[in-house]
Structure formats: C-alpha cells, structure tokens
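1. Here is a sequence together with a model predicted from it:
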Amino acid sequence: MTDVGCGYATLVLEDGTCFTGRSCGADGEVVGELCFNTSMIAYTEVISNPAYAGSILVMTYPQMGNHGVVRADLERDNVELEALVLSSICDTPSSFRMDLSLREFLAEKNVVALEGIDTRELVRHICMEGSMPAIISTLDHDAKSLLAKMRDTLESIEDTPVARVSTEATWTYDAAKCLVTPTAWTAPFPEPCCSIVAIDNGLTRSVLRHLAYAGCATTVVPWDATVEEIWACEPDGVFVSGGPGDPQKAQDTVDALGGLLGELPILGLGSGQLLLALAAGGVVDKMQVGHNGDNIPVMDLVTHQVSITAQNHRHTVRFETLGSLIAEESGGIAAHPLEGDLRFWAQEGCAPVVRNERFGRIQLTHVNVNDGTAEGLRFLDIPALSLQYHPALMPGAQSPDAAYAAFIQLMEAHAEEVDALSEKAKAHAEGTGAAHA
Amino acid sequence: MLSLRKRKPTLRGRGLPMPKRTDIKKILLIGSGPIVIGQACEFDYSGAQACKVLAEDGYEVVLVNSNPATIMTDPRMAKRTYVEPLTPASVERIIQIERPDALLPTLGGQTGLNLGVELAQTGVLERYGVELIGCDCATIERGEDRKLFAEAMAEIGLECARSGFAYSVEDAERLAGEIGFPAILRPSFTLGGAGSGVAHDFDELRAIVSQGLALSPVTEVLVEESVLGWKEIEIEAMRDCKGNGIIVCSIENLDPMGVHTGDSITVAPAMTLTQPEYQRICAASLAILEKIGVSTGGSNVQFAVNPKDGRLIVIEMNPRVSRSSALASKATGFPIAKIAAKLAVGYTLDEIPNDVTGTTTACFEPSIDYVVVKIPRFAFEKFKGTETVLTTRMKAVGEVMAIGRSFEEALSKGLRSLETGRGGLGADGKDEFDEERFAELVALPTEQQIFYVAEALRRGWTVDALYEASAIDPWFLNRMLAIIKTQEGLKGRALATLTGEELQAAKRMGLSDMQLAWLTDAPDEATVRARRKELGVTPVFKSVDTCAGEFASTTSYYYKTYEAADEVRKPTKPRAMILGAGPNRIGQGIEFDYCCVHASYSLAEQGFETVMVNCNPETVSTDYDTSDRLYFEPLTFEDVMDVVEAEQPEGVLVTLGGQTPLKLAQPLLAAGVPIMGTQPEAIDLAEDRERFAALLDEMGVAYPPAGTAASNEEALEVAARLGFPLLVRPSYVLGGRGMVIAYDKPSLKEFIQEAARVSPDHPVYLDHFLESAIEVDVDALADGEQVYIGGILEHIEEAGIHSGDSSCCTPPFSLSLAIIDDIRDITTRLALAVGVRGLVNIQFAVKDTQVYVIEVNPRASRTVPFTSKATGVPLAKCAARLMAGEKLSALGLPPDDRELAHFCVKEAVMPFGRFPGADIILGPEMKSTGEVMGIGATYPTAYAKAALSIDYSLPTTGTVFISVCDKDKRTILSVANNLAHLGFTIISTSGTARTLKAAGIPVTEVRKVGEQHPNIGDEIAEGRVQLMINTPFGRETRSDGFTLRTAAVRHGICYATTLAGANAITRAIEVAQRDAKGSGELAPIALQDLEQWEIL
C-alpha cells in the first residue's frame, strides 16, 4: 500500500510491530529511537526538549494539544525530535496564553506526527520489550519495506544527535531579552554574581533561566569546545547540560570535562551527570526504558527528602564503577550492594563515598526511589556536583533550586580559594622580591 | 577490586528501625456520622481504609461512628466499635473506657475534625493523655478561619478573594471602592441566599445592599470580589513529617466558579492549564500545606483562575480527606486516606509502597493516561418548592465517576451512569426543553444545564456565544460539539449502512447503543449490539495503574474503552460478579454498598474471584482492594453485558445493590447470563401486584384492599369501592417517589395527575390506607427450603411514613408474641412461595390484631446493615453464600427466635436544611439521606442515643411548643402531661391550648404565626423554644405548620411531627435526665460486647 497524502501514517517497530493511524503533522519518513513521556500537561516543554533529538516520542496522556502551544514555553525554537505519536490531537485548544494550535505548530516545525493509535498498548510494548528503533512514514505504509528502510538508515548513519542540537558558535545568554512566561508569575532576575560557561549538549531555555535566577551570567559554548576555548571565556564555573542520545558519543565534551574537573567548579544536570561520570572513568549503561516524565521521585541521601523531578534520558551511571567504597565515610559498609540497587543506601540512611582514581572522593547524593539508579553525585575533593534530573518547578517560581544554589556556593568558595592562593603567591612573590632586594 | 554484598533492599525495610510510631498502641478513630448532603459515604471509604491499614500495622483501633450502614462499623474492622452519638460527651465516655493513646480525626469529614478539635480544646484529650494525630488544632484554625487564612496566604505571596462585611450602605461603598466591580453581595443568614446579587456599579450596589441589610437578621452583607465565571481548579496534595510533598491529582471544574464543586461536573486531570500555570498552582498548593502546617496527611486546595489573564486566587483548603480526595483516589488509583492514616502514625511517603504497582512507592505523583469525569446526582424532585439553581451551597445527594480515553467518552459514560434514564449527552429521545426559557436555561447552572448547552450546540449556537452565556471553558464546549457532530452525522442513517469505522468512531465519543438505536431508528439497543459485534466493534478494558503503563501493575482495576488492546488478566478461579448500586440518591445509598461489599468479602472467602461493577466513586465497593476485580463502569445493560462478556462469570448477583441491578435482572437473564440467587421470575412475581395478590389470596394472607387505575375516572371508582384514605403510588418507582395519601376526592384527582407525570404509561396503584396501624419491617434469608428471620423491626411512627424515613426498633417493643408469631409464619411461607434464594424484605402493617402484608421485596433492603449490627448475624454475607448455592443449615446460624439482650433504634436523618422552601413533613415518599443507630438496654435508652446522634443534644429542660391537628388532640394529653412532669413549660396556640387546659395541664397560650407580635414565630426566632411538637393537618403546604417546622430546622430545634415520635422523644428526655443525674443509662456499648456470629 503506497497512498501518499492519504492522511495516514504508519509506525513500524524494529520487532515488526506495526501501528497505523492518522497523520497529524508533516509528510515524511523518519527513523528514530522509540521512547515515551508520561507528562499530562507539559507537552509543549517535552516536545521542544532537545533531549528527544533522534527519538520518536510517544505521549502517554491521550488528549494532547488542549491548550495549544505557547511560544514562550518552548524549550527551544526548533523541534529536535524525529516524530511524535499521540492518541488524539486537539484542534480546538483553549488558553488565553496560546499562540497557535499543536497541529499548526507541528506543521510549522515540519514534524512528522501520528495520532489515533492505542498509545497505551504501544507504551506497554516498549516497557516490556525495551525502547527500540522504529520508523514512521506518511508516504509508505508497507511494513516490510519500512522495516528494510529503517535498517538501512540505522546502518548507514552514524548519528551524534548532540552535534545536531548543540550551538555552532559561542553566544551570550541575555535573560532580559528572551521570551519568558508572564513576569507577574515570576520574580525579576537578580544582578549576576558570577559568569559561567554552559556547554550546550542540548541546553534548554528553562535551564538557562534557572541559571540566570541563581545569579549566573552565561556564555554558551558548543558541545565540542576545548578546554582552552572554555578558559578563554574566563568563567567562574562551568555548567554542562543534558542532551540527547548516548552520552558516550559526546566524547569531546567528556574530554573537555576531564581537563576542567578540579580546575573550575562544575555543575552537570540531566545527562550532564553522565558526562561527568564518564570523565571520572565511570561506566554508563542503557536502561530498559529510561526515565521519561515529570513525576519521578528522587531521594536526597543527605536530607532524606524526596523531590518530584522531571527527567528524559535513557542512560544511567553505575555508581560502583566510579571507585571502591570508603567504609568509614559510608556507614561502615565496604562493599557495594550486589544488584546495584542504590535504594540500599536510602535504607542504610547514608550517602556513600567512593575513592575515584582521578578525582578523589565522590559521594552518591541522590537515588531514584522507583528503580534505585544514581541521581546525584558530589565530588568531595574538587568543586563539582551533578544531578541527573531537572527540578520540576518552573524557574523563578520560588527560590533557586538547591542544585543551582550549591553551584554558586562552589564558585564563591573557589574564587576565595583562588584569591587566597593568588594573595599567597603575591605575598610569596613580594617576599621573595624583598628578599632578593 | 570490587567486592559485592548480596543484600537485597526491599521497600518495607529489613530490621532497620522504622519511623512507625511505637509509643502509641491504641488509636481512636472518629467517623463522619450519618449520610448528609455534603458528607456521604466517601468517609466510610476513607475510614474503612484507615481501619484496615492501622490494624495491619498492629495498632488497636477503637472506632466511633453513629452510622450503622457503614462498612467501617463492621465489628471485624476495628478492635472496638462504638455505634454511639458523635458528641463530645459520648466520645469522652468512650475515651474513659478505652483509654486510647491517640485520636485520629482527619478521616471523618468535617464532623470528625470538629469533634476532635472540640475534645482537644476543652481539655478532654489532655485529661486522658490522648494525643491528637494527623493534624493539630492550630493548623485547623489557620485553615478554617478566613482572616487567619488570608493572612497566611499573604505571607507566602498568594491572593485570596478580597472581601469584607458591610453594616451600612456607606460601609459597602467603601469596600466596593477597595475591591472593585463587579462585586458579589451576600446578606448574612437569609434563607436560600435571599437578597444576594452582583453589583456592577455604585447604583446597583446601593440598591442591593440596602435591601440586603433589611433582609439580613443581623443587618450584615458580605461584599466580595467577584470570581464568577473563573475557572475552578482543585489540587489534592499530601505532605509527610519529613516535608516531602506530592500532588496526587488536579481536578478542573467544567462548571465555572459560582457552583459548589460538589454540584459541579469535574474533570481530572486539569485540561486547560499550560505547564507554567499548573506548576504555579502545584507550587502554591505545597506552599499552602507547609504554611498552614499540614505535616502528616492530605489536603484539598481550591483555586480560582481568571481565564483572561491567569490571575490566581486561593479559595480554601481542607486539612483532611474529603469528597474530592475520594474522587482523586478512585481517579488515579492512589489511596489518599490509606496513605494519610499511615502518615499519621509516623511513616513517610517514601516508606509506603504503592500497592497498585507493587514495585514503586507512594512518594510519587500519579500519571494517568485516561480522562475522568465526575457528575453530581440531584434529588430536587423530592423537595417541592425548593430552588433548583445551583449555587455555592451543595445540593447534590450523590455522584458518579466515569473513565474514558477522552473527555468525550468519559462525559457520555458519566451521563448514562447517573441512572436518570439518559443514554448520554442527549440523542436518546428523552430531550425535553422549556422553549420559552431556553436561552436563560442555557446560561443558568442547573442539573439540566449540560443538556441545554448540548442542545444549543445542536441548534447552531457558536462556542463563543455559549461561552459568553455560560462561562463554561470553550475547551469543554468544543469537546461537547465533537460529540454533537458525531450524533448529528449518524442521525437518520440506517443502522445497516453504518460502517465499522463509523460505529467505532461513535463509540469512541462514548455514544451508547441506546443512543445509536435512537439515532438510526433501530428497533432497540440489542439490534445495535448485534450489528456492532458483526462488524467487530467491541470494547476493550484497560487498567488504572497510577503510572500510565510505565510499570507493571498487579491490581485488576479496569475501565472500558474502544481501543486496540485488552488488558484483562486471565482468571484463575470461578468468578462471581456483583452489581453495585450506582450513584447515591435518596432511597438508595450506602446501605446497598454495604451489602455488595459484604457479599464480595464472603464470596472471596468461598474461593470465588469477585468482580465488582459500579460507578460511584464515594463507595467502599469501588475501592480497588475490596474485590479481586473492579470495573468502574455505568450500570446499564450495555456496559454490564460488556463486563459479563469479558469475565464470563459463574453468576451475577443482582439483589444486593437496590433497584439499579434489580432492573437489569430480566434483560441479563434474557441475554443468557446466569443470575445467582433469587431468579428474575420471583422478583417479577413480587412486583406484579395482581399476580402477587392472587398468591396472597391463595395462601390466605391478609393485605390492604387495593386496586389500579389508569385514569381519573377509574381512580374514583376504586375509591368508591375501597373508601378513603387511600395510598396512591405510581408503579416502577424508587423510594416511594410520588407516593401520597389521599384523604378526599379533590386531593385524589390532583395526585393521579402527578402520578401520571412521574411514571407515565403505567397504571397508578391505590391501596386502602390503614390509618394508625403499626408498620413492621422484616429482613429474612431463604434458601428455597428454609427461612431464617434476620430481624423484626417495629416502626415508631404510624404506617404511612416511608420505611426509610421512619425510625424503628428491634426487637419489637410493643408487639405481642402472637403477632410476632404471625409475622414469622407469614414471612416463612411467603419467602418460600415466592422462591427467594438470598435476602427478602417484607413490610407488614399491624392494625388491631390483624397482620397485613404491604409489600415483599425479594432483595436486600435498606435495613440489612442495621439489622445485622443489631443481631450480630452478617445477613449480607449469609445471603451471598445462599446465592452461590449453599444451604442455610450449612451456615451455623444461631436460632432466629433467640431473645436479644438489648434494643436497637434506627432513626432517619433529613436533609431539609439544604432545601429551604421544601416542607418538613414525613410521608410515604422517602426524603431522608441517612440514618443513625442507638443501642441500649431499653427502648427509650436506645431511642435517646439515636436522637442524640441526630441532634447532638436532647433538650432536658425549657419550653416545649405543642400544636397538633384535631385527630391528635385526644392522644397528645399523655405526652403533654409527661413533659409537664419532666419540668417543661408548655406553650400552645389557641386550639391545642384549649384541649390541654381542659385536661388540667398547665399551658401558656401564644399567638399564631402572622398574628400580632410577639407570636410563636418570635418565640422560636429568639431561642425561647427548646422542643416542638407539631403534627400536620392533612396535606397542607404553605400553612402555619409549614412555617413553624421550617423555623425549627433553621434554628436547630428538636422537633417531632408525629405523635409516636413525640412520645418517643419524651421517654428519651426522661432517660437523658436520669443519665445526667448519674444513672449511667447512656453509657457507651461496643458492638464487640454484644453477641457476634461468624458464619461457618
């Protein structure tokens, strides 16, 4: 069956499972990794999140597009995901904030989209079988031919989605000039207290806004910026964002981080945590389906509080590969739990510390309450920390999230230390100068 | 080198100290008392969950609740169960006996919370060393005191609606200047909101306020910023002692601000909010919980959102579980009450497993992949003369919830769940519109508004015009338009021409087979069903799993939809399917849910996999862990058949859920579905008056002479034959709807017309009314061979008052042994003759020494829970076993003629306070919403407790106003005499005063209402009357009596409208006086101290 423009779209999974529904976006044929997101309301933010580059995204909530699309809420102007799969799309949205309907938006951004299939069944299939590649087409509806095309595409293209979503040139973020949610709902931006470099592996507007609220003046650099290029910006600290795909493919970022860790304060968020872990020699695994939603509970092992977080990634770091446990700082426990289920530490009531060969002590600060994966790390001997999630609350809605606040503290402490060092060096130089004289 | 430890972490912990509190062992739980409007069986659901979960955690639960129809008051649910008045004095007595360590008041609605606070504030808790858990008094005060709340909100940067009280027109002008226009003006304490209005400028303001000040008895008008027409959003949030906060569910009201959320159609999750707006509301909710001080439980927070600019106003918060939290629990699968109970004893959210998935914890926010719609159920037809416009004062008596994969599907399912005869959003041949007021009724919030809005769409009104008129968000209007377009696209087409795709599309819009049959002019819904199946258009069932399919779930909680894949788990055991009672309404409520839940427990014990079908989110039956499988579906033939086909049960139980499932018995049987227990044939025999009369004749059993009439002329003929008074009843109605007593020809004529309107196309039954007879209810079990008399209930009021509204006592307090023997004998013979297998309820009237049969209901009755608690025999459980084929002899029941050591009184609770304008008299049409129970060593003691449970206090001294109709003048003397001896001052209007004076009873005469001041109206208004006895004259409406009884309700005066009631109250007052002097007659009695029988 090859009815072009018949209004139908066909989705074929790597395992041959096939769904046919109505096309509700652009015409085309795309291949991507099939994944899903369980957010019920934040579809605008999810669809425009560059973390979904290379993905065919299924939204689990069945009625999508109810409030249309508000441009100010977009995480990026461009939509990076490959295709969107919905149960049903709303053509009569309602919101005083709306700029255009979701269907109009998908057409504008040239996104292939499909609606009218049993998305719950598709999601259950993914959860059972694991996320897998799939092809979606509005042009070809023959499952066999589509499957063959999908395999060809997967073989021929060595994709580095991070390269696609990252900025090409260095630029400076100016919060005041960017689209923001109605200002009446948020606090005004504070005067910046420090300047940072943000490595763009898929930076989102909300993260940039969070940084601005925390007091950062941000210079954004491409994902493959070198250590020298970053130093050239004279930053007080470095931020590394989350991004799409397998973090192991962002080797350039990992290399740069390897050179910066210990030299400058660093904060990694989302899969930025994985890049830091890789730089520290850790092993990163692909999960069955990953974390995809804005309802994911994460426990802080230090305060024992649980936060509900937004996440969108499919990889996780194996904490035990970062080093061997330091028993005296890990509640007397010298061995990692066998199954790698880090909720063990929540039960023990301690945040364990390992000795990393390159960077000294690393503490596990957060774990995922649902599946026991690592959600937060803190380097104890150098100024660096990471969280594998984004605080779910909107920037500016309340006081800056603890992670950003901690980053600022690291930079302040580091600056003092550097000052002290240079004072000392100065004093030393003066001393030696005096002695010389 | 990595050395690994093999220690598997589990969610429940392993030997580590858990934060569960070990310093408390015994917890007192307060229930919410009788079902009233605004406080229904959702608190049985929350309380029952709490009992279960606390017992599982090893706590000893002591429960107090005056409502015998609840599942929580089952003697097995708690260690000690007190069906006692929810008064501070009574609970203090219980505390004295039980000495609990803690009191948990947040699960018993506002009643429980108020009582808990009162016990704390009066020092009772401190005196007995009882800790208040789950909340603290300061939190409750901050949450409920408007001023403190507004201050707290301001401190965290949130707005409340601006308002203030005006005591003069100048005050109002000043306030309006601050608040701006439009302003809402509400005179305080006026009946039915009289004098309220919206002012758009100072002229209107002056006009409304000056009138309002005159109307208000306290000369006070509330001037409030108008948020009418704003979006109403509710958030269900929880917080634990570590400060973890989660949002369980967001709910958006289809009806904008101005209609009480209990009277609104609501949708979960919120549909029209963008993420920043939603996050702002979530952040505000958690901040409010923290600020108000909720640290171990759930709260409901209500917001108004201006649809034009997103301005956010906090309306209120309830620091306890609520109707909305029950709805949110059912909507998401997240059991808020259960979690709240665990939080109260020290757990934190992350330590509580999510038992729907079995793999995650309660510390997460449910993600759902369906849409939930809740629709309220009203009962205005029961309260003539009351205002039917919906306002901020709740009037709904029940609600339904429906789940679909779209709002359209869920709304359609919800509308047919209501059991108002509708097939969905119109298109069912039942639309009737008031053409003259059409445009007005499109805009006016009423029970019917949704159908008017749908019809307006059908008639081509634009969404913009409708939004302008109704302020219903365009999103909802557009979704309704999609349904209407689908309907209109099918209208007039022949069924045979519809393709599978078209039918599938119609089904996805939620259209019922009944609607499709009407639209395509097909003969009936069965034809549509057959055609659908031919074309392969069949439903699937999907799970409610809290996580949108992300994790595997272990709970079988399903809803129906038209999609590709089905998720129903393969059965492992034979299935027994129980049809629930649907939405609560007057005449069918929690009592039937009790029976269904008990049947489910009992059949599960017998090795069945139990399947529950119901659509009422307030109930225990729709808790996912009550039955093995739960289907949240409408109780219509189509929906039930779909479940039957999915489950293939061994049998379906139709006689436990009241009229709802009973009506389905015959169609189900005809469709080849096995019915468990009493067969539809037997049900028919009992319902068919002629066949039943023939059976009674054959058996030689007396019944009141009766006839049927299809016209006015026939009715007069029957009247001539039987003589007045006549009991007039329309056929096929519930709860005595439209039933009246006619004393003469003119009233008969009027009633016949009314009956024809209530139940057209059916004849009217006319029974000779046995005046001053004693009515008796019997609940019995039968297995086809043997009959077991569960209980004989003697009514306190004379015959002619609906059994649901009448107070009754078991064992009988005035019937002779001979009469009791007669009743037992007739019950046994009738149950066998009709062919009952399960429960049967027979109503008798005893006049002089003759026993008459009034009616036989071969099903569970409203009194089953009361009878079960009074006798200690779990009748509903027994019935389920009999229906599954067992014999009575196998159950090991105690002899049914054993003597009980105590008396139990059931008293009805009336909702008149909610329906200003409706008359407060009891009659053959049921009007009560709930009931209470009193247990005592004697009948007056039991009655006193029941009376205390309703009125919260009994007048033991003061003034009694007596005014009775002529036929009662002679018999009032003994009551008046007793009251005089008890120290009451008697006042009466002229007629009654003359009678009392003649008998030598001291009485002061007062002027009638409407006569010169001061008259009796003033006496009541000024609080100088403590007790009122007023029996109505015939069928009066706008008379003096009406005014007086209305005043009594408004001023909370204890009153009796029948002589028997007056007698009983007098005896109860006597008991209360003695108890106050230390006789101890009203001491609490735990159900566990009475005989309790477990079936074998």
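-> Received it, and whenever you're ready, just let me know what you need.
2. Just the helices from the stretch 901-1050 of chain B, written as ranges.
-> B:939-951, B:972-981, B:990-998, B:1016-1021, B:1040-1050 (DSSP state H, counting those that start in this stretch).
3. Give me the residue ranges of the chain where confidence is low.
-> You didn't pick a chain, so chain A it is. Residue ranges of chain A with pLDDT under 70: A:1-6, A:178-186, A:391-400, A:430-437.
4. Chain B is the one I meant
-> Where chain B drops to pLDDT under 70, the residues are B:1-18, B:189-194, B:217, B:731-737, B:758-761, B:913-914, B:916-920, B:1033-1039.
5. Format the helices of the stretch 901-1050 of chain B as a markdown table; extra columns: distance to chain A and mean neighbour count.
-> From N, CA and C alone the C-beta is placed, and that goes for glycine too. Formatted as a markdown table, these follow (distance: least, Cβ to the nearest Cβ, whole Å; neighbours: other Cβ atoms under 10 Å in any protein chain shown):
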| stretch | distance to chain A | mean neighbour count |
| --- | --- | --- |
| helix B:939-951 | 42 | 26 |
| helix B:972-981 | 63 | 19 |
| helix B:990-998 | 63 | 17 |
| helix B:1016-1021 | 49 | 18 |
| helix B:1040-1050 | 42 | 20 |
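6. Serialize the ones you listed to CSV and add fields for distance to B:Q1073.
-> As requested, the helices of the stretch 901-1050 of chain B are exported to CSV (distance: least, Cβ to Cβ, whole Å):
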stretch, distance to B:Q1073
helix B:939-951, 10
helix B:972-981, 11
helix B:990-998, 22
helix B:1016-1021, 23
helix B:1040-1050, 22
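7. how about the nearest residue to B:A48 once chain neighbours are set aside, phi and psi?
-> Residue nearest to B:A48 in three dimensions, not counting chain neighbours: B:M72, with 4.3 Å by Cβ to Cβ, 6 or more residues apart in numbering or on different chains. Main-chain torsions, B:M72, degrees, to the nearest 10: phi -60, psi -30.
8. Is B:M72 in contact with B:C41, as I believe?
-> No - look at B:M72 against B:C41 with Cβ atoms under 8 Å: they stay out of range, at 9.9 Å.
9. And those two? Which one has more around it.
-> B:C41 (31 against 28; other Cβ atoms under 10 Å in any protein chain shown).
10. That one contacts B:G589, doesn't it?
-> Yes - assessed by Cβ under 8 Å, B:C41 is found in contact with B:G589 at 6.9 Å.
11. Can you pull the residues that touch both of these two?
-> Here B:C41 and B:G589 have B:I35 as joint contacts, going by Cβ atoms under 8 Å, 6 or more residues apart in numbering or on different chains.
12. just checking, what's the longest helix in chain A?
-> When chain A is parsed with DSSP state H, its longest helix is helix A:402-436.
13. From the chain's centroid, how far away is it?
-> Taking Cα atoms, centre = their mean, to the nearest Å, one finds helix A:402-436 lying 33 Å from the centre of the chain it belongs to.
14. Please apply the same query to stretch B:312-325.
-> Counting by Cα atoms, centre = their mean, stretch B:312-325 comes out at 20 Å from the chain centroid.
15. Any chance you could give me the strand or helix carrying B:K291 in CSV, C-alpha atoms only?
-> For B:K291, the host element (DSSP states H and E) is helix B:275-292. Extracted in CSV, the C-alpha atoms of helix B:275-292 (Å, rounded to 0.1, in the frame of the first residue of the first chain):
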residue,chain,number,x,y,z
GLN,B,275,2.6,23.9,32.3
PRO,B,276,3.7,27.2,33.9
GLU,B,277,0.1,27.8,35.2
TYR,B,278,-0.1,24.3,36.5
GLN,B,279,3.3,24.4,38.1
ARG,B,280,2.4,27.7,39.8
ILE,B,281,-0.7,26.1,41.2
CYS,B,282,1.2,23.0,42.4
ALA,B,283,3.9,25.1,44.0
ALA,B,284,1.2,27.2,45.7
SER,B,285,-0.5,24.1,47.0
LEU,B,286,2.6,22.7,48.6
ALA,B,287,3.5,26.1,50.0
ILE,B,288,0.0,26.4,51.5
LEU,B,289,0.2,22.9,53.1
GLU,B,290,3.5,23.9,54.6
LYS,B,291,2.3,27.3,55.7
ILE,B,292,-0.9,26.1,57.2
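16. Could you give me the buried positions within that helix?
-> Residues of helix B:275-292 classed as buried by neighbour count (16 or more other Cβ atoms under 10 Å in any protein chain shown): B:275-289, B:291-292.
17. can I assume A:R164 sits in a helix?
-> Yes - counting by DSSP: H, G, I helix; E, B strand; the rest coil, A:R164 falls inside a helix.
18. my read: it touches A:Y52, true?
-> No - using Cβ under 8 Å, A:R164 is not in contact with A:Y52, being 11.7 Å away.
19. These two - which one has more neighbours?
-> Between A:R164 and A:Y52, counting by other Cβ under 10 Å, A:Y52 is the more crowded of the two (29 against 17).
20. Test of understanding: give the bridge partners of the residue nearest to that one when sequence neighbours are not counted.
-> Nearest non-adjacent residue to A:Y52, counting by Cβ to Cβ, 6+ apart: A:L81, 3.9 Å away. For A:L81, the beta-bridge partners are A:A53 (DSSP bridges).
21. ok, A:L81 - contacts?
-> Neighbouring residues of A:L81 by Cβ under 8 Å, 6+ apart: A:G32, A:I47, A:Y52, A:A53, A:G54, A:S55, A:I56, A:L57, A:V111.
22. repeat that for 10 Å
-> Going by Cβ atoms under 10 Å, 6 or more residues apart in numbering or on different chains, A:L81 touches A:30, A:32, A:35, A:46-57, A:109, A:111-113, A:161, A:244.
23. sorry, back to before: distance check, the residue nearest to B:A48 against chain A.
-> Applying Cβ to the nearest Cβ, to the nearest Å, the value for B:M72 to chain A is 31 Å.
24. likewise B:R206?
-> As judged by Cβ to the nearest Cβ, B:R206 and chain A stand 34 Å apart.
25. same check, this time on B:F541
-> B:F541 is 12 Å from chain A, where distance means Cβ to the nearest Cβ.
26. Can you get me a residue count around that residue?
-> Other residues near B:F541 number 22, with proximity taken as other Cβ under 10 Å.
27. What's opposite it in the beta bridge?
-> So, taking DSSP bridges as the rule, B:F541 has B:K560 as bridge partners.
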